[in-house]
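Student: Show me the folded form of this:
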Amino acid sequence: MLRVLAVDDEKPLLEELLYLLRSDPRVLSAEGASDATEALRRITRALESGPDGADVIDVVFLDIHMAGLTGLDIARLLAGFARPPLIVFVTAHEGFAVQAFDLKAVDYVLKPVRPERLAEAVRRACAQSGRSGEQPPAAGPEAVPAVPAARAAVPEIPGSPAASAGSAGSAAARGADRAPEQIAVELGGVTRFVAIADIAYVEAQGDYARLHTDEGSHLVRIPLSTLEERWAARGFVRIHRRHLVALARIDELRLDAGTTTVRVGAAELQVSRRHTRELRDLLMRQAMG
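Tutor: Numbering: from 1, shown residues only. Reported below is the predicted structural model:
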């Protein structure tokens, strides 16, 4: 079974990746590092402890674009060690695939990460590390998402016809049954359909957005600006560069020492100055209407 380190400087994406890795029965442990410095510190400690040490790392799942050293820089540094951990790149950028495989990467997985694609990367890492025979019976073919045999033989290189066809097919499958009143969210291989009416507010997190409902939150790879356009007719308004709010879910508007905030359930969200007047007018019309 594999001992894994996942490295990504975007916390929501790191948490999502760790969730998926820890759900795989072939992964003994999965820890996270949020920057290159922390990652190198952990990897160095693992290498110093030896192949049977408590801190050993078999595989590093590595983002490419990070502040400071990039994932490619880390891979080049590790190549100088006698027994470096295996590398799987997990990135939103297609253009580094050739460099990645020149650095002997086990696999190159594109974001947003599909659970079945990550499962294939784990399979390849198991095969190269020689640890595939150590996994318990539960980790047999029935325990992980099936991967077509034709694709299992060759890494999926971004831009290739096979990769493009696979991405298009997945997108079509995800969107085929989606009702306009719902949005699909994926976590751990399960696709859920969240009613837009249940979403209280949306928070920007880079190129992603976190949907907040009364039951919890869900991460989707859709920019906040796109959701603002799509959901304007459903009563969602922009109150800040980071927040989009369902007008009907605002419980309170408060002005204090020149700062405007709204209360949405238990959350208190700041309203930027440029949105304050428009929001106040909308709330007044709603109250009168």
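Student: so where do the helices sit in the chain?
Tutor: Counting by DSSP state H, one finds helices in the chain at the ranges 11-22, 36-49, 71-78, 97-102, 115-129, 149-152, 161-176, 224-231, 273-288.
Student: ranking those helices by mean pLDDT, which is last?
Tutor: Here the lowest mean pLDDT among the helices of the chain goes to helix 149-152, at a mean of 35.
Student: Dump the helices of the chain into CSV; add mean neighbour count and distance to Ser217 as well.
Tutor: All C-beta atoms are positioned from the backbone trio N, CA, C, and that covers glycine. Shown next, in CSV, are the helices of the chain (neighbours: other Cβ atoms under 10 Å; distance: least, Cβ to Cβ, whole Å):
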stretch, mean neighbour count, distance to Ser217
helix 11-22, 19, 10
helix 36-49, 17, 25
helix 71-78, 19, 27
helix 97-102, 16, 32
helix 115-129, 20, 19
helix 149-152, 10, 33
helix 161-176, 12, 20
helix 224-231, 15, 14
helix 273-288, 13, 22
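Student: Nearest to Tyr108, out of those?
Tutor: When those are compared for distance to Tyr108 using Cβ to Cβ, the nearest one is helix 97-102, at 5.0 Å.
Student: Same list (the helices of the chain) but as TSV, adding distance to Thr259.
Tutor: As requested, those are arranged in TSV below (distance: least, Cβ to Cβ, whole Å):
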stretch	distance to Thr259
helix 11-22	26
helix 36-49	35
helix 71-78	40
helix 97-102	46
helix 115-129	42
helix 149-152	53
helix 161-176	40
helix 224-231	21
helix 273-288	9
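Student: out of the ones you listed, which comes closest to Ala195?
Tutor: Closest to Ala195 of the helices of the chain, according to Cβ to Cβ: helix 224-231, at 12.4 Å.
Student: Give me the helices and strands touching that closest one, please.
Tutor: Counting contacts by 3 or more Cβ pairs under 8 Å, 6 or more residues apart in numbering; DSSP states H and E, helix 224-231 is packed against strand 199-205, strand 236-240, strand 243-246.
Student: counting contacts, what elements does the shortest one pack onto?
Tutor: Counting contacts by 3+ Cβ pairs under 8 Å, 6+ apart, the secondary-structure elements packed against strand 243-246 are strand 199-205, helix 224-231, strand 236-240, strand 259-264, strand 267-271.
Student: Format the CA atom coordinates belonging to the first one as PDB.
Tutor: What it means is strand 199-205. C-alpha atoms of strand 199-205 as PDB (Å, rounded to 0.1, in the frame of the first residue of the first chain):
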ATOM      1  CA  ILE A 199     -27.800  27.800  -2.100                       C
ATOM      2  CA  ALA A 200     -27.500  30.700   0.300                       C
ATOM      3  CA  TYR A 201     -24.300  32.300  -1.000                       C
ATOM      4  CA  VAL A 202     -21.300  31.500  -3.200                       C
ATOM      5  CA  GLU A 203     -17.700  32.200  -2.300                       C
ATOM      6  CA  ALA A 204     -14.900  32.700  -4.800                       C
ATOM      7  CA  GLN A 205     -11.800  30.500  -4.400                       C
END
